[in-house]
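In: okay, here's the prediction I keep looking at, along with the sequence it came from:
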Amino acid sequence: MKFKVFFINLEDNPQPWLKAQNLFSLLPDEIKNCLERIDAIDTRKDLSVVDDFGLKIDPVGIFYKLYFSQSAGAAGCFLSHYSSWKKIIDEDLDFALIVEDDIVISDLVNYLMTNPDIDESLDLIHLGAREWDGLEAYILNKTGAQKLISFVKDSSKLKDCDPFSCVKTPTDALNKIQSEYPDYSWDKQNSITAPADRFMMHVAETCFNYKFFPCIDLCHLSEAQSSIYNEDSKPYYLKEHWGLIQDINSPSFEYWNKDLTTSLCICTYNNYDLLYKCLLSAANQSAPSDEYEIIILDNTPTEIIAESKKEYDKVHNLSKTIKNCRYINMLTDGLSGARNACIEESKSDLIYFVDDDTIVDSDLIRNMVKKFKNPSIGVVGGKIIPDWQIAERPEWLSDDQLEQLSMADFSERDVFLHEYDKPIWLVGANICFRLQAIKEIGGFGIHLGRKGGTGTLLSGEEGLAVDEVRKKYSALYTPDCTVNHIVDPNRLNQSWFVKRVAWQAVSNALTGDLWMKGVKGLEEILKDNMNCLFAESKNQSEFDLKLKIISIICFLLLEGEL
């Protein structure tokens, strides 16, 4: 008999897989060699993977529509099991035991060690303790997998299944919603029509030979760790009628069908040569021009524009040839004021800020819109890589200090900030907000950020905005939305970096970011390394140490401890 154990596991959650491997390593070869990991699909970060499977999200009936509207991870859960069903067929297996990674592993091992006699006439043996209320563990044969796949391709054979039966004890609110939205149709092709467990229930009760043998339970932490429902949101079946009506009328309802528009905003101050290059790349997007606009917010004073008239005219004339571009001259209170002016000007769903000295990727808008298909995401930051076309990188500049030049390259895959195991942040040179989210917090603080024509290097305005947005929404870093940041040669001297680090300490103090307060032994570090301040650094390690000392000194001064 050809048999495997498929362990569905998210890449961001490796511990259950490691535990499963360790336990299986103690088992006889004929059991441990059956274990295989299935990479769980995370549609919280990118819903476009549904298209990659040749499927679409098209839930049947109001309750399934509410479920998927609330549950950004539900499509990924379905696809993870769908991948397992396909694998059974592709590998011509007789049976597979499919488990999710939040089961009690010892329950699984104990079941396998009993050397169970599998009834070959059964399409399905459901091992999960919750029966149809979950798909944490079940045995599926090849015939069952073929039936499930065929019902995904054409669900019309489920025409006699009532999706309202998914609610065992409906409340008055649910009964009322059911009477207000009674219509449903299973006449769908290549579609995710129901949550994975309910879909299997409908198919099983239509054409399976199956039985329940509940012997594998969920880990007691699984409910608290569940990411199916968005944070701070009650499941629909616990809501009052008015809450359900609010959900149905909200932008989140059937979010997978909504086409989002974007305002790509470029704030500038007397930087016309680089702005011209940035605008060219911004206009050369793979996204249709009617799905995004370009807003240039120029807060350069008139007298300075006159001094750079040739360069200004060149970029201004280019903007006139781009039908979806608006060039706005407006004096504002620094970069934060310019960004706030863009927020007021935008009428799009998303507002995307890039610096005027960046060259943006041609798929920037298209890729960023995909990230916001999940309605719980409020802000996304992309990768920023240095562009040395007009500057030569000095030998003393380490990769660690590229962040001082507003570079960001944290991961080769999408990561939520709250799930990453190292400090990670989003950078204003390549950052996109849901317009509603940034408006809810009142935009950017004008007490922070650069002020054109001054020597200040204040920052932190986008970090503070991200922190506020994260109180209600999720924040994501993605390498799929990339800009090249042209390095200014005037910044490639050690004195500029010293100044930049000092101003960062001021920015941290203004935003309440006092992370250094908990670091012990700062005075000893200063005492042992003060000499590095009085000489030009010759290499990267010397310069990294110098900037560390500068940061400590500024922090202690601002705290009144020096």
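Out: Cool, got the structure. What you see is a predicted model; the values in this text were computed from it and never measured.

In: please count neighbours and contacts with C-alpha atoms only from this point.
Out: Fine.

In: where along the stretch 251-400 of the chain do the helices fall?
Out: 272-283, 302-307, 309-320, 334-345, 364-371 (DSSP state H, counting those that start in this stretch).

In: got the buried residues for the second one?
Out: Going back to what we said before, that points to helix 302-307. residue 305 (16 or more other Cα atoms under 10 Å).

In: next, count neighbours for the nearest residue to residue 486 once chain neighbours are set aside.
Out: Excluding its sequence neighbours, the residue lying closest to residue 486 (Cα to Cα, 6 or more residues apart in numbering) is residue 387, at 4.5 Å. For residue 387, the tally of surrounding residues (other Cα atoms under 10 Å) stands at 18.

In: what's in contact with stretch 100-116?
Out: Residues from elsewhere that reach stretch 100-116, judged by Cα atoms under 8 Å, 6 or more residues apart in numbering: 7-9, 16-17, 19-20, 23-24, 31, 135-137, 215-219, 222.

In: meant to ask about stretch 386-393
Out: Everything outside stretch 386-393 that qualifies as a contact, by Cα under 8 Å, 6+ apart, is 402, 407, 484, 485, 486, 487, 488, 489, 492.

In: what about these, which are in strands?
Out: Under the assignment DSSP state E, the contacts of stretch 386-393 contribute 484, 485, 486 to strands.

In: residue 467: which of those is nearest?
Out: Nearest to residue 467, judged by Cα to Cα, of the ones in strands among the contacts of stretch 386-393 is residue 485 at 24.1 Å.

In: relative to residue 184, how far out is the closest one?
Out: Distance of residue 485 to residue 184, given as Cα to Cα, to the nearest Å: 51 Å.

In: quick one: what helix or strand has residue 200 in it?
Out: helix 196-207 (DSSP states H and E).

In: returning to that earlier point: which of the contacts of stretch 100-116 are buried?
Out: 7-9, 16-17, 20, 24, 31, 135-137, 216-218.

In: from what I can see residue 334 touches residue 444, true?
Out: No - taking Cα atoms under 8 Å as the definition, residue 334 is not a contact partner of residue 444, at 10.8 Å.

In: how about residue 181, nearest residue that isn't a chain neighbour?
Out: With Cα to Cα, 6+ apart, the residue lying closest to residue 181 is residue 62, at 6.3 Å.

In: wait, a helix at that neighbour?
Out: Yes - counting by DSSP: H, G, I helix; E, B strand; the rest coil, residue 62 is found in a helix.

In: wait, what's in contact with it?
Out: Residue 62 neighbours (Cα under 8 Å, 6+ apart): 178, 181, 182, 184.

In: residue contacts, the last one?
Out: What it means is residue 184. Per Cα under 8 Å, 6+ apart, neighbours of residue 184: 60, 61, 62.

In: doesn't it fall inside a strand?
Out: No - counting by three-state DSSP, residue 184 is not part of a strand but coil.

In: do you know how far it is from residue 347?
Out: Residue 184 is 34 Å from residue 347, by Cα to Cα.

In: tally of neighbours for residue 161?
Out: 16.

In: can you tell me the SS state at it?
Out: coil.

In: wait, it sits on residue 202?
Out: Yes - assessed by Cα under 8 Å, residue 161 is found in contact with residue 202 at 6.5 Å.

In: give me phi/psi at residue 137?
Out: phi -160, psi 130 (degrees, to the nearest 10).

In: make 473 the starting number, not 1.
Out: In the new count, where the first residue is 473, that last one comes out as residue 609.

In: which residue sits closest to it, ignoring its sequence neighbours?
Out: residue 571 (4.3 Å).

In: can you count the residues close to the one you found?
Out: With neighbours defined by other Cα under 10 Å, the count for residue 571 comes to 26.

In: please name the residues that touch it.
Out: 477, 478, 479, 480, 607, 608, 609, 610.

In: give me that answer again for 10 Å
Out: 477-481, 509-510, 553, 556, 577, 580, 599-600, 607-611, 688 (Cα atoms under 10 Å, 6 or more residues apart in numbering).

In: what are the pairing partners of the helix or strand that contains it, and which direction each?
Out: Following DSSP H and E, one finds residue 571 within strand 567-572. Strand 567-572 pairs in its sheet with strand 475-481 (parallel), strand 609-613 (antiparallel), by DSSP bridges.

In: any idea of the angle the next helix or strand after the first one forms with strand 475-481?
Out: For strand 475-481, the succeeding helix or strand toward the C-terminus, using DSSP H and E, is helix 487-496. Angle between the axes of helix 487-496 and strand 475-481 is 150 degrees (criterion: axes from the mean of the first three to the mean of the last three Cα atoms, to 10 degrees).

In: now helix 487-496, how far from the centre of its chain.
Out: Distance of helix 487-496 from the chain centroid (Cα atoms, centre = their mean, to the nearest Å) equals 27 Å.

In: contacts for the helix or strand just after that helix?
Out: Heading C-terminal from helix 487-496, the first helix or strand you meet, by DSSP H and E, is helix 501-504. Identification of contacts with helix 501-504 by Cα under 10 Å, 6+ apart yields 475-477, 492-498, 581, 584-585, 587.

In: could you redo the last one with a cut-off of 8 Å?
Out: Helix 501-504 is contacted from outside by 496, 497, 498, 584, using Cα under 8 Å, 6+ apart.

In: what sits against the third one?
Out: Residues near residue 498 by Cα under 8 Å, 6+ apart: residue 504.

In: for this protein, where's the lowest mean pLDDT among helices and strands?
Out: Taking mean pLDDT, DSSP states H and E as the measure, the chain has helix 694-697 as its least confident helix or strand, at a mean of 46.

In: after it, which helix or strand is next?
Out: helix 713-720.

In: buried residues in that following helix?
Out: 713, 716, 719, 720.

In: next: stretch 888-895.
Out: So for stretch 888-895, counting by 16+ other Cα under 10 Å, buried means 888, 889.

In: what do you get for stretch 800-819?
Out: Quick answer for stretch 800-819 (16+ other Cα under 10 Å): 800, 803-815, 818.

In: what about the stretch 673-822 of the chain, any weak spots by pLDDT?
Out: Residues of the stretch 673-822 of the chain meeting the criterion pLDDT under 70: 692-705.

In: number of residues surrounding residue 871?
Out: Applying other Cα under 10 Å, I find that residue 871 has 10 neighbouring residues.

In: ugh, wrong one, residue 475
Out: Using other Cα under 10 Å, residue 475 has 18 neighbouring residues.

In: for it, which residues are in contact?
Out: By Cα under 8 Å, 6+ apart, the contact list for residue 475 reads 506, 565, 566, 567, 568, 569.

In: give me the beta-bridge partners of the fourth one?
Out: Counting by DSSP bridges, residue 567 is bridged to residue 475, residue 613.

In: so it is in contact with residue 561, correct?
Out: No - in this structure, residue 567 is not within contact of residue 561 by Cα under 8 Å, at 9.8 Å.

In: joint contacts of the two?
Out: Contacts common to residue 567 and residue 561, judged by Cα under 8 Å, 6+ apart, are residue 614.

In: comparing these two, which shows the higher neighbour count?
Out: residue 567 (24 against 18).

In: ok, now how distant is that one from residue 618?
Out: From residue 567 to residue 618 the distance is 12 Å (Cα to Cα).
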